[in-house]
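> quick check, what structure comes out for this input:
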Amino acid sequence: MIQCRDLAAGETVGYGNSFTASRDTRIATISSGYADGIIRAMGPKTMLWAEDTPCPVAGRISMDLIGVDITDLGYDPKTLELLGRHQCIDTLADNAGTIGYEILTSLGARYMRRYLGG
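Coordinates of the predicted model:
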């Protein structure tokens, strides 16, 4: 996460001002985007997770950044999870209109990978 900022109701974020805050909103900016293989089309349906709390993507996924609405958390999380125990690869693929294989083979080199089991 790069930063967290407050939006007043009516302010916008994202390419083409694609997200308009309907209330005072706190946005976390994540340093990841379609240049890293996060498929733009998954944005409107996708959540990132702060522990057990889902946080929706706010606006469009851009080349290197993702805005995430963290208003309902009440705090700024240290990390947000895109893929893990709360959200499987097939959910992300469905959100992007593709298959899990495309998601996994698109992920870039900036991600930490941990292989568990096997």
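
> in this structure, which spans are helices?
89-96, 100-106 (DSSP state H).

> Serialize the ones you listed to JSON lines and add fields for mean neighbour count.
Yep, even glycine has a C-beta here, placed from its N, CA and C like the rest. Formatted as JSON lines, the helices of the chain follow (neighbours: other Cβ atoms under 10 Å):
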{"stretch": "helix 89-96", "mean neighbour count": "17"}
{"stretch": "helix 100-106", "mean neighbour count": "14"}
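
> least confident of these, on average?
Between the helices of the chain, the one with the least mean pLDDT is helix 100-106; it has a mean of 91.

> follow-up on the earlier one: mind putting the helices of the chain in JSON lines, distance to Leu116 included?
Compiled in JSON lines, these are given as follows (distance: least, Cβ to Cβ, whole Å):
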{"stretch": "helix 89-96", "distance to Leu116": "14"}
{"stretch": "helix 100-106", "distance to Leu116": "15"}
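
> out of the ones you listed, nearest to Ser18?
Each of those was checked against Ser18 via Cβ to Cβ, and the shortest separation belongs to helix 89-96, namely 15.8 Å.

> roughly how far apart are the residue of the chain most remote from its centre and Ser22?
Outermost residue of the chain with respect to the C-alpha centroid, by Cα atoms, centre = their mean, is Gly118; its distance is 28.4 Å. Gly118 sits 45 Å away from Ser22, taking Cβ to Cβ, to the nearest Å as the criterion.

> tell me where the protein has strands.
Taking DSSP state E as the criterion, the chain carries its strands at 3-7, 12-13, 19-20, 25-30, 47-50, 53-56, 66-69.

> please give me every residue in contact with Glu81.
Shown here is Glu81, whose contacts under the criterion Cβ atoms under 8 Å, 6 or more residues apart in numbering are Leu48, Trp49, Ala50, Gln87.

> next, give me the two most distant ones among those.
Taking Cβ to Cβ, no two of those sit farther apart than Ala50 and Gln87, at 12.4 Å.
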